[in-house]
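In: predicted coordinates and the sequence they were generated for:
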Amino acid sequence: MNKEELFAFLQPEEKHLRAYVPSPFIVAALPARNVKNLPFQRNYNGMTLTLSGLKHVPYGRYGRLLLTILTTHAVLSKNSGEDTVTIEYKNLSNLLKELQLPRTRGKDIREQLEYFSHSAFIFEEKKSVKTKKGYLRELFDEEEYNELKENVTVKKYSTGMIPFISELQLLDVSSEGTKKTAAITIKLSNEFSKYSREHSVPIDYTIYKDITSPIGKDLYSWLMYRCNSLCDNQEIFIPEKSLIDQFMPVEEGSARNQEWRNYDYIKGLIQEIKTKYCPELNVEFITGGMQLKHSKIPNLKSEYYVLVTSNL
């Protein structure tokens, strides 16, 4: 079945589409707007995500949608046996169909595709745990091991630079003031494909696409991730400041009322997500932050969900 046939038979009222987002972008998302000063950097909870590019990096609503498509293709290639993931579209209209966007959004998607083609992300993660030195016996020679005290602190540092796309080819066909894009070939970088297969989070693409605010999309994917990680009757408290720092950080030195405005905006988006898209979301705003409880959200692995795309 080709992509056109896939979208021809899907009934949105009966089935939702499943897609994937790389896990670092759940914690620290793409910029909401076009960034003038590169690199773009987000820091949160021991993790730093840095986006670099020639002139621009992907951003906004359409950058996020395109990221999910690229990631989904990488995840679907897991059992293909191919080292390089190549995605081909006869024309830009076919890519827009896969994204479930109207043809009027062609210029936006074409632009974001170019930004992905010359951008990379760098992730740095720092974790610290306290343990007994006996667990580290094989890491040191006898002299070094004996110098350690019984209780030790281990700090793990992980980093890596990952380009999104290794090669992009397409044809721009012009005729009397009109321009069409065709013969699109996208080769994902092996690093991005491997990382996506190992570190991606499933989302309901049907809902994700319909949320217009870029920050709303980030909140939705994060809420689904956190809800799936909670056991029955489990709940967690998310402080107001943590929500601001993760989704709408305020520049150092900004007035306190800017934080209040950002928090009100975040609360409004979460309430909209619950009201319009996820009535089963069990969330409550209390003094100082948000209480998130176990929610009986639909199983993204069930037959109710259809993969957003499949080239296998």
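Out: Happy to help now that I have it.

In: what is the burial count for the closest residue to Ala29 other than its chain neighbours?
Out: Nearest residue to Ala29 in three dimensions, chain neighbours excluded: Asp218, at 4.2 Å (Cβ to Cβ, 6 or more residues apart in numbering). Glycine gets a C-beta too; all of them are placed from N, C-alpha and C. By other Cβ atoms under 10 Å, the residues close to Asp218 number 25.

In: got it, and the one 5 residues further on?
Out: Counted with other Cβ under 10 Å, the burial measure for Leu223 works out to 21 neighbours.

In: contacts only, for the residue nearest to Ala29.
Out: Asp218 makes contact with Ile26, Ala29, Arg64, Phe247 under the criterion Cβ atoms under 8 Å, 6 or more residues apart in numbering.

In: of the residues you listed, which belong to helices?
Out: Among the contacts of Asp218, the members found in helices (DSSP state H) are Ile26, Arg64, Phe247.

In: my guess is the residue nearest to Ala29 is in a helix, correct?
Out: Yes: secondary structure assignment places Asp218 in a helix (DSSP: H, G, I helix; E, B strand; the rest coil).

In: distance of it from Leu243?
Out: Distance of Asp218 to Leu243, computed by Cβ to Cβ, to the nearest Å: 11 Å.

In: quick one on the thing from earlier: now for the contacts of Asp218: which two are most distant?
Out: Across the contacts of Asp218, the longest distance by Cβ to Cβ is 13.2 Å; it joins Arg64 and Phe247.

In: joint contacts of these two?
Out: Taking Cβ under 8 Å, 6+ apart as the contact rule, the neighbours common to Arg64 and Phe247 are Ala29, Asp218.

In: what comes up buried for stretch 175-195?
Out: Across stretch 175-195, burial judged by 16 or more other Cβ atoms under 10 Å covers Thr181, Ile184, Ile186, Lys187, Leu188, Ser189, Phe192, Ser193, Lys194, Tyr195.

In: which residue sits farthest out from the middle of the protein?
Out: Glu143 (45.3 Å; Cα atoms, centre = their mean).

In: element containing that one, please.
Out: For Glu143, the element it lies in under DSSP states H and E is helix 142-147.

In: in that helix, what's buried?
Out: Going by neighbour count (16+ other Cβ under 10 Å), nothing in helix 142-147 comes out as buried.

In: which residues outside that helix are in contact with it?
Out: The contact list for helix 142-147 (Cβ under 8 Å, 6+ apart) reads Lys133, Leu136, Arg137.

In: so who does the residue lying closest to the second one once chain neighbours are set aside touch?
Out: Which is Leu136. Leaving aside its sequence neighbours, Leu136 sits nearest to Val152 (Cβ to Cβ, 6+ apart; 6.9 Å). Residues counted as contacts of Val152 (Cβ under 8 Å, 6+ apart) are Lys130, Thr131, Lys132, Lys133, Leu136.

In: for Ile122, what are its contacts?
Out: Ile122 makes contact with Thr48, Leu49, Thr50, Leu51, Ser52, Thr159, Gly160, Met161, Ile162, according to Cβ under 8 Å, 6+ apart.

In: and with 6 Å instead?
Out: Neighbouring residues of Ile122 by Cβ atoms under 6 Å, 6 or more residues apart in numbering: Thr50, Met161.
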